[in-house]
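>>> Let's see this in three dimensions:
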Amino acid sequence: MKVLICSLLLICGAIAFRTQSTGVKGKLVCGSKAATGVNLKLFDEDNGPDPDDVLDQKTTDNEGNFFLSGSSMELTPIDPELRIFHDCNDQGSPCQREWVIRIPAKYITNGPEVKEIMDLGVLNLEVELDNESRSCTH
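Numbers count the residues shown, from 1 in each chain. Predicted coordinates:
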């Protein structure tokens, strides 16, 4: 009987976890020039003891364009965010500026394939954000 109950609990727990996916695209500039080679990471932000999940990571192309997408199995809805690490307008600081952009829930798809991509358009990295931080390691 204990084995049956444990088996049912394991099966129910496995079913409760679901694959969720998201994606984001855009173009980065620094002033009037394309921001090339900028590091970007798409995370599932997790609170508590569970570490953040890296869903995807890339650098911008030679025109500043990027596209990231990824998925994660979670019991609760994922909390995706794009982190941008760059040196635009940093006055020679040894650490990179870090922008965090939260992805709205409407861009989260149940399943492994993204159905709606968040398009950020063109972002000028010269802007200073209130929630901006510095990252010496990323």
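>>> residue nearest the centroid of this structure?
Leu42 (2.1 Å; CA atoms, centre = their mean).
>>> Doesn't it lie inside a helix?
No - applying DSSP: H, G, I helix; E, B strand; the rest coil, one finds Leu42 to be strand, outside a helix.
>>> wait, it sits on Leu82?
Yes - between Leu42 and Leu82 there is a contact under CB atoms under 8 Å: 5.7 Å. Any C-beta I mention is one placed from the backbone N, CA and C, and that applies to glycine too.
>>> Give the residues shared as contacts by those two.
Jointly contacting Leu42 and Leu82 under the rule CB atoms under 8 Å, 6 or more residues apart in numbering are 24, 68.
>>> quick one: the helices in this protein?
Assigned by DSSP state H, the helices in the chain fall at 2-16.
>>> now the strands for it?
18-30, 33-34, 39-44, 53-59, 65-74, 80-86, 96-102, 109-110, 118-124, 133-135 (DSSP state E).
>>> any chance of those in JSON lines, with mean pLDDT too?
Shown next, in JSON lines, are those (pLDDT from 0 to 100):
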{"stretch": "strand 18-30", "mean pLDDT": "96"}
{"stretch": "strand 33-34", "mean pLDDT": "96"}
{"stretch": "strand 39-44", "mean pLDDT": "95"}
{"stretch": "strand 53-59", "mean pLDDT": "94"}
{"stretch": "strand 65-74", "mean pLDDT": "94"}
{"stretch": "strand 80-86", "mean pLDDT": "95"}
{"stretch": "strand 96-102", "mean pLDDT": "92"}
{"stretch": "strand 109-110", "mean pLDDT": "94"}
{"stretch": "strand 118-124", "mean pLDDT": "97"}
{"stretch": "strand 133-135", "mean pLDDT": "73"}
